[in-house]
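# could you look at this predicted model? Sequence included:
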Amino acid sequence: MTAIDYDLEFLEDGRTIELISIGMVCDDGREYYAVNRDMPVRRIRKHKWLMENVVPHLPKGHGDQRIHMPKRWLFHYADHRVKHRTTIAAEVAKFIRAAGPDVELWANYGAYDHVALAQLWGPMIALPDGVPMFTNDIQQERARLGFRWDDLPRQESGEHNALADARHNQTVRRWLAAQDEGLVP
């Protein structure tokens, strides 16, 4: 079994979930990060929490006057990590399939993440072959093992950057697995 830990940053309003960015790390060492070029920028601008916590982590242009970015831009549209949603969907399916036939998806509080992930391809019935129909939840595993939130390894930096969060999810999942196997006191 190969695990892929992931995180999505998204805008949700109780009815819809709109992808902002996705980060994935695989036990085989591969990583994937993309920012949704098609995100609802106007709605995100009105969301104080996203503007303060997620937007600062999106790719920005630095130091090149030829690619001057107006202040109204949330991210650098020409950055190689900024992609159309359809491109992200194709690349994520390929990333997951490359992990092999027995892949597990893991996320922290992963219910919304899984819905946003599945919506890359439309309804759940449209999931590509090789993409699991569910995500294992780190918090559920923590509770099963009897740990408190405060017992888990802390994320040192990058919180709400999808790739940094995915890397931290991998750290926490591996720590929980070691606890479960009795490898760490």
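Arrived safely.
# which residues sit against the host helix or strand of residue 172?
Assigned by DSSP states H and E, residue 172 belongs to helix 162-180. Contact partners of helix 162-180, identified using Cβ atoms under 8 Å, 6 or more residues apart in numbering, comprise 3, 5-9, 20-25, 27, 31, 33, 57, 106-108, 138, 141-142, 145, 147, 152-153, 155, 157-159, 184. In this view, the C-beta of every residue, glycine as well, is placed from N, C-alpha and C.
# next: stretch 26-35.
Residues outside stretch 26-35 that contact it (Cβ under 8 Å, 6+ apart) are 2-4, 20-25, 58-59, 75, 79, 81-83, 87-88, 91-92, 95, 98-99, 162-163, 166-167, 170.
# report the beta-bridge partners for residue 105.
When bridges are called by DSSP bridges, residue 105 pairs up with residue 4.
# mind listing what it touches?
Counting by Cβ under 8 Å, 6+ apart, residue 105 has contacts 3, 4, 6, 96, 114, 117, 132, 134, 135, 136.
# what is the mean pLDDT for stretch 88-106?
For stretch 88-106, the mean per-residue pLDDT is 97.
# straight-line length of it, end to end?
19 Å (Cα to Cα, to the nearest Å).
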